[in-house]
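**Student:** Have a look at this prediction, sequence included:
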Amino acid sequence: KQEVTQIPAALSVPEGENLVLNCSFTDSAIYNLQWFRQDPGKGLTSLLLIQSSQREQTSGRLNASLDKSSGRSTLYIAASQPGDSATYLCAVSTSGNTPLVFGKGTRLSVIA
Amino acid sequence: GAVVSQHPSWVICKSGTSVKIECRSLDFQATTMFWYRQFPKQSLMLMATSNEGSKATYEQGVEKDKFLINHASLTLSTLTVTSAHPEDSSFYICSARVRLGPSSYNEQFFGPGTRLTVL
């Protein structure tokens, strides 16, 4: 059974810092991996989706990498801003027909 | 990206009543919909998978008689929480997956969630 772990559980950084969020998964035979953002009491916002054949995806200040063989992904946020404060969730699916399995998330606080 | 809506966005009800939550894919046909539940400061836990026109598949520990799922059309799935109790209070999020060809990617699109509070 696929399990997704995110480290750290919480992170507080000053504005302007670059930071890395980590995600690991137990079954390396994944179909795709997705990073989401969730604001308190709100739904999910999809940030980046990486297919199993890809190694990274970039969107603005965000860069997500995927190392399938080691079962890891990282989300890199450059020049963090207070508006980046949210919980970041990593999720993987093991096939095109199976649902996403989520990690517990990293709660990020960017201090102005 | 594709849009998924949920209604209502929040609901408060008395213990023992039933609550229905609707999930719609607005601009695509969703052959598969998923229902997740999220307790405070926890991650999303899959409750069930529903395919249009067939019975839902429930995850271990989820009572199918309590959480009734109907996926009658390619754009609508409903989750009914029957005889709701305070411990059912949670954030319920639906997700829809579009039918694509064998060379396309089956991304999941998420609704905005429904917050259920049972008094």
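**Tutor:** Cool, the structure landed. Please read all numbers here as calculations on a predicted model, not as lab measurements. Numbering: from 1, shown residues only, chains lettered A, B, ... in the order given.
**Student:** Mind listing the residues bridging to the closest residue in space to B:N51 that isn't next to it in sequence?
**Tutor:** Using Cβ to Cβ, 6 or more residues apart in numbering or on different chains and skipping residues adjacent in sequence, the residue nearest B:N51 is B:T32, 5.4 Å away. Every C-beta, even on glycine, is put in place using the N, C-alpha and C of the backbone. Taking DSSP bridges as the rule, B:T32 bridges to B:N51, B:R97.
**Student:** For B:T32, list the residues it contacts.
**Tutor:** By Cβ atoms under 8 Å, 6 or more residues apart in numbering or on different chains, the residues touching B:T32 are A:97, B:49-52, B:96-97.
**Student:** mind listing what A:S85 touches?
**Tutor:** A:108-110.
**Student:** and chain B, which of those reach it?
**Tutor:** By Cβ under 8 Å from any Cβ of the partner chain, no member of the contacts of A:S85 lies near chain B.
**Student:** Make CSV out of these and add neighbour count, secondary structure and pLDDT.
**Tutor:** Below are those laid out as CSV (neighbours: other Cβ atoms under 10 Å in any protein chain shown; DSSP: H, G, I helix; E, B strand; the rest coil; pLDDT from 0 to 100):
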residue, neighbour count, secondary structure, pLDDT
A:L108, 21, strand, 98
A:S109, 13, strand, 98
A:V110, 20, strand, 98
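**Student:** Return the closest of these with respect to B:S77.
**Tutor:** Relative to B:S77, the closest of these is A:L108; by Cβ to Cβ it sits at 31.9 Å.
**Student:** Excluding sequence neighbours, find me the nearest residue to the closest one.
**Tutor:** Nearest residue to A:L108, sequence neighbours excluded (Cβ to Cβ, 6+ apart): A:L11, at 5.2 Å.
**Student:** The helix or strand of chain A with the lowest mean pLDDT - contacts with which helices or strands?
**Tutor:** Every helix and strand of chain A was ranked by mean pLDDT, DSSP states H and E. The lowest is strand A:44-51, at a mean of 93. Identification of packing neighbours for strand A:44-51 by 3 or more Cβ pairs under 8 Å, 6 or more residues apart in numbering or on different chains; DSSP states H and E yields strand A:32-38, strand A:56-59, strand A:62-67, strand A:72-77, strand B:108-110.
**Student:** starting at the chain centroid, how far to it?
**Tutor:** Its chain's C-alpha centre lies 8 Å from the corresponding centre of strand A:44-51 when counted by Cα atoms, centre = their mean, to the nearest Å.
**Student:** One more: stretch B:32-44?
**Tutor:** Stretch B:32-44 has its C-alpha centroid displaced from the chain centroid by 9 Å (Cα atoms, centre = their mean).
**Student:** per-residue pLDDT, residue 9?
**Tutor:** If you meant another chain, say so; for now it's chain A. We have a pLDDT of 95 for A:A9.
**Student:** should've been chain B
**Tutor:** Looking at B:S9, its pLDDT is 96.
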